[in-house]
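>>> Sequence and predicted structure below; questions after.
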Amino acid sequence: MKRSPANPILTRTDIPDIPPDVVDVSSVFNPGAIRVGDRDLLLLRVQTRGRETVLMVAESGDGERFSVRPRIVEIAGLKTVAERLYHIYDPRLTRIDDTIFVVFAADTDSGCRLGVAQTVDFESFELVGFGGPEETRNGVLFPERLEGRFLRLERPNRVQLAGGVTTGSEIELAESDDLVTWHSLGPVMAGRLHYWDELIGSGPPPIKTRAGWLHIYHGIATHFASANIYQAGVVLLDLADPRRVLARGRNNILEPREPWELVGQVPNVVFPSGAIVAGYDEEGFARPESIVRVYYGAADTVVGLATATISELLDACSV
Ligand code: BMA
């Protein structure tokens, strides 16, 4: 992918103070992204100096220069969740018909869960569903229903890192009638031990192309336990049955190289979380020549932007 010359496109100094909750924040990263009319919107993960997390909206006319709205996003209904929510973070945005859905991760006393919220105007957000029996993260909704059901990729947290957090090495497909109760349809892909993507998780929601669902994911090389290196890569999933992997890139498409990707709160991280495709054909497939703008968190500290065309990303699946 090609990095934007304007990188990093958002840093802590772009976040306006909203006293008393948001003052002189520490970092902004891992945004969801969506186009609404002729505006590009990001839903930002902002971390305060109390290490609290708030979501905020940034808006742009050119996809590169963003201004951040001086408001904290409130999700109506979150207080009805029985568990205490410490952080809600890493929102992924998907439009289905006229509704924009947010799938977010939430840290609770019993581990990480996924929640789904919805908005039509990007002003007010309301909770649709929350949680499930298993620890899971990196949830992304497909932009259309399949046989009437919602589909999402998610990444159960089943791998315990030595002395650390639980994470995951397998992305699964799940389905739901109501976005509240989810049933697993089984595994889609697993991490590849010894290579760039030993642990994995979804990035932005899948992009519909004539060749299949183009999906950008993150892979972690654990590098002999001395460092976790977060990179981005691509996989192509079958349109009719997204559990079928048609092609998967051997190389990453973006890896930490710039100083602000290599150094920060968590070093060596590019974490793709939002994607905006410039153009779709009349049947809703992304055009091969369309530019995809990928928004990513860098070093859990700032937001970066990198681009490629759909056909370049499809080619990268087959190398
Ligand atoms: C992952 C997630 C991301 C984070 C990344 C790097 O497991 O928690 O939110 O950006 O680690 O710290």
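Sure thing, it's come through. Numbers count the residues shown, from 1 in each chain.

>>> Can you name every helix or strand that the one helix or strand Phe271 maps to contacts?
Using DSSP states H and E, the secondary-structure element containing Phe271 is strand 270-277. Other elements packing on strand 270-277 under the criterion 3 or more C-beta pairs under 8 Å, 6 or more residues apart in numbering; DSSP states H and E are strand 27-36, strand 87-96, strand 212-221, strand 229-237, strand 291-298. Placement of C-beta: from N, CA and C, glycine included.

>>> Dump those strands into a markdown table; add distance to the ligand as well.
Below are the helices and strands packed on strand 270-277 laid out as a markdown table (distance: least, C-beta to the nearest ligand atom, whole Å):
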| stretch | distance to the ligand |
| --- | --- |
| strand 27-36 | 5 |
| strand 87-96 | 5 |
| strand 212-221 | 8 |
| strand 229-237 | 6 |
| strand 291-298 | 5 |
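
>>> For Gly50, find the nearest of those strands.
For the helices and strands packed on strand 270-277, distance to Gly50 was read as C-beta to C-beta. The smallest value, 11.5 Å, belongs to strand 87-96.

>>> For that closest one, name the packing helices and strands.
In this structure, strand 87-96 packs against strand 27-36, strand 39-47, strand 53-60, strand 99-108, strand 136-141, strand 270-277, with contacts taken as 3+ C-beta pairs under 8 Å, 6+ apart.

>>> Quickly check: the strand holding Phe271 near the ligand or not.
Yes - using C-beta under 6 Å from any ligand atom as the criterion, contacts between strand 270-277 and the ligand involve Phe271.

>>> Could you pull up the mean pLDDT of that strand?
The predicted model assigns strand 270-277 a mean pLDDT of 98.

>>> again, but for stretch 12-29
The average pLDDT within stretch 12-29 is 98.

>>> Any chance you could list what contacts it?
For stretch 12-29, contacts defined as C-beta atoms under 8 Å, 6 or more residues apart in numbering pick out 10-11, 44-49, 51-52, 54, 56, 58, 66-68, 70-72, 264-265, 271, 297-303.

>>> hmm, try it at 7 Å
Counting contacts by C-beta atoms under 7 Å, 6 or more residues apart in numbering, the residues outside stretch 12-29 that touch it are 10-11, 44-49, 54, 56, 68, 70, 72, 265, 297-298, 300-303.

>>> that older thread, Serialize the helices and strands packed on strand 270-277 to TSV and add fields for distance to Leu199 and mean neighbour count.
Converted to TSV, these look like this (distance: least, C-beta to C-beta, whole Å; neighbours: other C-beta atoms under 10 Å):
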stretch	distance to Leu199	mean neighbour count
strand 27-36	16	24
strand 87-96	15	22
strand 212-221	4	24
strand 229-237	9	24
strand 291-298	16	25
